[in-house]
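[1] Task: produce atomic coordinates for the following.
(2 chains)
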2 protein chains.
Amino acid sequence: MADTNRQFVLGGRPDGKPDLDAFELRETAIPEPGRGEVLVRTLYLSVDPYMRGRMRDRDSYAEPWAVGDRLEGHVVGEVVASEHDDWEAGEFVFGRLYWSEYAVADGADLTPVDPTPENVTLPSYLGVLGMPGRTAYFGTLDVVEPGPGDTVVVSGAAGAVGSTVGQIAGLAGARVVGFAGTAEKVSLLEDAFGFDAAVNYAATEDHRAALDEAAPGGVDGYFDNVGGPVSDAVLTRLAVDARVAVCGQIAHYNEEGVPTGPRTLPQLIASRARVEGFLVSDYASRFDRANERLREWVVSGDVTHRESVVEGFERAPEAFLGLFAGENVGKQVVAVAEPSE
Amino acid sequence: MADTNRQFVLGGRPDGKPDLDAFELRETAIPEPGRGEVLVRTLYLSVDPYMRGRMRDRDSYAEPWAVGDRLEGHVVGEVVASEHDDWEAGEFVFGRLYWSEYAVADGADLTPVDPTPENVTLPSYLGVLGMPGRTAYFGTLDVVEPGPGDTVVVSGAAGAVGSTVGQIAGLAGARVVGFAGTAEKVSLLEDAFGFDAAVNYAATEDHRAALDEAAPGGVDGYFDNVGGPVSDAVLTRLAVDARVAVCGQIAHYNEEGVPTGPRTLPQLIASRARVEGFLVSDYASRFDRANERLREWVVSGDVTHRESVVEGFERAPEAFLGLFAGENVGKQVVAVAEPSE
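    Numbers count the residues shown, from 1 in each chain, chains lettered A, B, ... in the order given. All right, here's what the predicted structure looks like:
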């Protein structure tokens, strides 16, 4: 075990697109667990688009970080030392911890991680079996409500959330169309994730024409992770009674001021469409059910998952910044350390 | 009885803001009712914003008119001659007829109009007891879902739909804030229609500041008849789980191409708000219940109504164009003829 702990704190509030200056690496002592606490060594750290919002000096659904604050994040780790009856050294855990190599957690706040079932991996607990998977689950089933005969469009379709959305919508009987930003991602959508059609929006000038080809009967459901020109096109093609789940708008997270674009409201009258923002945290009372379903689907192979792994704790900021360049396929994680045995 | 019938047909498709060239007045013979039909003399003709959409060469929820087509419209009239067992001369009826002084209707398509109950008038069957009232009823109760503790904002609040929305939301226990375009309308909202607060948007530069004063706890429900800067401000002030009913967007009906403005979708995530377009025609199975409730409220005085009356059939185009200049208070109708006795 190393002598020191490294952690990232907020180095400064980014103005527009963040860069490495937003992150400051600090060395501290490895903390010691008190009564009821557990010392966790980070194996995998999750970086997520919503964290951009916490870098702003503005209240939103996630509390803003202050400059100098430890960056919080979801972690899959290994218990190093435990002062809590439920845990012992060597066990794998999930925790809402920090961008740090080591952290102390209340033992009651950790949950067990079992990487042994078929198709399950340690980092999958940060993706399809974690918050992104549950986000896909509730946004798809509760907001988009797909069914046989429906066409469901997903933006950011090759990401952690989008790839799961497409598969859940497909299991519900819908025809599924994904938008992603590289030819490699489009192949993956069609070949690995079972999308019925996929569009490389970065290689497509006329998104509406692409949509008309991929979804000739219009769009019954739209799960939006991105915003921007793809959403602009989709909103012109909503079928009657369409449902739009607004999960993320990563195209706009780095914009200062109010982004502008085609007006949405006039498009909703003839279609009687419903556009709804949602936060997975509102569904906490149903997390156990969602976790169980997602695990069954992963084990059975009905839902496939990918992780993009950046190696090395010090590269966590780079992994985060890569989210805004669309560098990840599936869930972006940072591999911080190997399990001890 | 006059010898000739006058009617308006679509004179040409307007490009942008319509003017009198969109209307062509024609003289024809007064039609004669066949078996099962009724000859109706128009007393009051309804002009409605949605008719602008029917002047476009584009399918929407209402079928487009062709140039030279008779303009359809809701009418309160008097039976002149009847070849249908249910109707006899002198009776008042409501029909989906034409911008014409006389029209023949299938007797089965007419409904009775009774102007004798307290607070009920002949033209009120084109407003609070007609399609605008039902629009307000379903949009408010089914989409906005107001309740005690809620703040509901209404745009176009002094219009036929908006004034009814505000009163229904108030009956449901909500605090109600209206936006309208003149000082006279604002007084009417507060004094006659019982709004808790009202804003003259035409005299207000900072709509958000006005909203913060009128709705300091944010907006739980928004019934939008207008779009434009008022909606832009309201959408920045949505409370958690807010409901937005998109009924009309009159600010944009005369715009060619796609109107632009602040992006809506990024504003919906933190609030988990739901924005929903709706059409009253989707609620047809519940019209009888709505009609009954609205009539009870009008008779009891719980819901007050106003009509703006333009006198003279030939002035119908002028009355229609006035809708886009906000000239009406309450329901805009055209008084075409006096009842025969």
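
[2] Residues of the stretch 201-341 of chain A that sit close to chain B?
    The stretch 201-341 of chain A comes close to chain B at residues A:224, A:227, A:231, A:236, A:246-249, A:252, A:258-279, A:282, as judged by Cβ under 8 Å from any Cβ of the partner chain. (Glycine included, C-beta is placed from N, CA and C.)

[3] if we go to 6 Å?
    Neighbours of chain B within the stretch 201-341 of chain A, by Cβ under 6 Å from any Cβ of the partner chain: A:227, A:246, A:249, A:252, A:258-266, A:268-270, A:272-279.

[4] which of those residues are buried?
    Buried by 16 or more other Cβ atoms under 10 Å in any protein chain shown: A:227, A:246, A:249, A:252, A:259, A:261-266, A:268-270, A:272-279, out of these.

[5] now, which of these lie within helices?
    Counting by DSSP state H, those place A:268, A:269, A:270 in helices.

[6] Let me have the residues you listed in a markdown table, extended by pLDDT.
    What follows is these, written out as a markdown table (pLDDT from 0 to 100):
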| residue | pLDDT |
| --- | --- |
| A:268 | 96 |
| A:269 | 95 |
| A:270 | 92 |
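
[7] for the residues you listed, which one is nearest chain B?
    Comparing these against chain B with Cβ to the nearest Cβ picks out residue A:268 as the nearest, at 3.2 Å.

[8] Give the bridge partners for the nearest residue to that closest one once chain neighbours are set aside, please.
    Once flanking residues are discounted, residue A:268 sits nearest to residue B:277: 3.2 Å by Cβ to Cβ, 6 or more residues apart in numbering or on different chains. Under DSSP bridges, the beta-bridge partners of residue B:277 are residue B:246.

[9] So which residues of the stretch 51-200 of chain A form strands?
    Counting by DSSP state E, counting those that start in this stretch, the stretch 51-200 of chain A has these strands, from start to end: A:72-82, A:92-98, A:102-106, A:111-112, A:151-155, A:175-180, A:197-200.

[10] Give the rounded mean pLDDT of the fifth one.
    Going back to what we said before, that points to strand A:151-155. Averaging pLDDT along strand A:151-155 gives 98.

[11] Tell me the spacing between the closest residue to residue A:304 other than its chain neighbours and residue B:70.
    In space, and not counting its chain neighbours, residue A:304 is closest to residue A:192: 5.5 Å by Cβ to Cβ, 6+ apart. Look at residue A:192 and residue B:70: by Cβ to Cβ, to the nearest Å, they are 58 Å apart.

[12] Neighbours of residue A:325, how many?
    By other Cβ atoms under 10 Å in any protein chain shown, the residues close to residue A:325 number 9.

[13] and it, which of the three is it?
    When classified by DSSP: H, G, I helix; E, B strand; the rest coil, residue A:325 comes out as coil.

[14] Which pLDDT value goes with residue A:143?
    You'll see residue A:143 listed with a pLDDT of 98.

[15] Residue A:1 now?
    Here, the pLDDT recorded for residue A:1 equals 55.

[16] How about the contacts made by residue A:183?
    By Cβ atoms under 6 Å, 6 or more residues apart in numbering or on different chains, the residues touching residue A:183 are residue A:200.

[17] Residue A:337 contacts residue A:43, doesn't it?
    Yes. Between residue A:337 and residue A:43 there is a contact under Cβ atoms under 6 Å: 5.5 Å.

[18] who has more neighbours, these two?
    Per other Cβ under 10 Å, whichever of residue A:337 and residue A:43 has more neighbours is residue A:43, with 22 against 17.

[19] what about that one, which helix or strand?
    Here residue A:43, judged by DSSP states H and E, is contained in strand A:37-46.

[20] Can you show me the helices along the stretch 51-200 of chain A?
    Using DSSP state H, counting those that start in this stretch, the helices of the stretch 51-200 of chain A run over A:51-54, A:131-138, A:160-171, A:183-191.

[21] Ok, which of those helices comes nearest residue B:29?
    With Cβ to Cβ as the criterion, residue B:29 lies closest to helix A:160-171 of the helices of the stretch 51-200 of chain A, at 59.2 Å.

[22] Which positions within that closest one qualify as buried?
    Of the residues in helix A:160-171, A:160, A:161, A:162, A:163, A:164, A:165, A:166, A:167, A:168, A:169, A:170, A:171 count as buried by neighbour count, 16+ other Cβ under 10 Å.

[23] Would you format those as CSV with pLDDT and distance to residue A:48 included?
    Output for those, formatted as CSV (pLDDT from 0 to 100; distance: Cβ to Cβ, whole Å):
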residue, pLDDT, distance to residue A:48
A:160, 96, 8
A:161, 98, 10
A:162, 98, 13
A:163, 98, 15
A:164, 98, 14
A:165, 98, 16
A:166, 98, 19
A:167, 98, 20
A:168, 98, 19
A:169, 98, 22
A:170, 98, 24
A:171, 98, 24
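
[24] So which of the residues you listed is the closest to residue A:321?
    For the buried residues of helix A:160-171, the nearest to residue A:321 is residue A:160 (16.5 Å; Cβ to Cβ).

[25] in terms of contact, does that closest one touch residue A:130 like I think?
    No. In this structure residue A:160 lies outside contact range of residue A:130 using Cβ under 6 Å: 8.5 Å.

[26] Residue A:232: neighbour count?
    By other Cβ under 10 Å, the residues close to residue A:232 number 19.

[27] how close does residue A:229 sit to residue B:325?
    Distance from residue A:229 to residue B:325, counting by Cβ to Cβ: 35 Å.

[28] low pLDDT regions in the stretch 51-200 of chain A?
    Of all residues in the stretch 51-200 of chain A, none has pLDDT under 70.

[29] So which bits of it are right by chain B?
    Checking the stretch 51-200 of chain A against chain B by Cβ under 6 Å from any Cβ, the hits are A:60, A:61.

[30] Now the stretch 101-250 of chain A against chain B: closest residue?
    For the stretch 101-250 of chain A, Cβ to the nearest Cβ, closest residue to chain B: residue A:249, 4.4 Å.

[31] ok, back up a step: just the ones in helices among the buried ones among the residues of the stretch 201-341 of chain A next to chain B now: which is nearest residue B:203?
    residue A:269 (28.2 Å).

[32] need the contact list for the closest residue to that closest one other than its chain neighbours.
    Excluding the flanking residues, the one nearest residue A:269 by Cβ to Cβ, 6+ apart is residue B:277, at 4.3 Å. Residues in contact with residue B:277 (Cβ under 6 Å, 6+ apart) are A:268, A:269, A:272, A:273, B:246.

[33] Look through chain A and tell me its longest helix.
    Under DSSP H, chain A gives helix A:287-300 as its longest helix.

[34] helix or strand right after it?
    The first helix or strand that comes after helix A:287-300 along the chain, using DSSP H and E, is strand A:307-311.

[35] What lies in contact with that next one?
    For strand A:307-311, with Cβ under 6 Å, 6+ apart as the criterion, the contacting residues are A:123, A:127, A:319, A:328, A:329, A:330, A:331, A:332, A:333, A:334, A:335.

[36] Mind exporting the C-alpha coordinates of it to CSV?
    Extracted as CSV, the C-alpha positions of strand A:307-311 are listed here (Å, rounded to 0.1, in the frame of the first residue of the first chain):
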residue,chain,number,x,y,z
GLU,A,307,-16.8,0.3,-21.0
SER,A,308,-14.2,2.7,-22.2
VAL,A,309,-11.3,2.5,-19.8
VAL,A,310,-8.7,5.2,-19.3
GLU,A,311,-5.7,3.8,-17.3
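
[37] Just the buried positions in that strand, please.
    A:307, A:308, A:310.

[38] Return the member of the residues you listed nearest to chain B.
    Distances from chain B to the buried residues of strand A:307-311, taken by Cβ to the nearest Cβ, are shortest for residue A:308, at 23.8 Å.

[39] number of nearby residues for the closest residue to the closest one other than its chain neighbours?
    Leaving aside its sequence neighbours, residue A:308 sits nearest to residue A:328 (Cβ to Cβ, 6+ apart; 4.1 Å). Other residues lying near residue A:328 total 22 when counted by other Cβ under 10 Å.

[40] Check what pLDDT residue A:328 gets.
    As predicted, residue A:328 sits at a pLDDT of 92.
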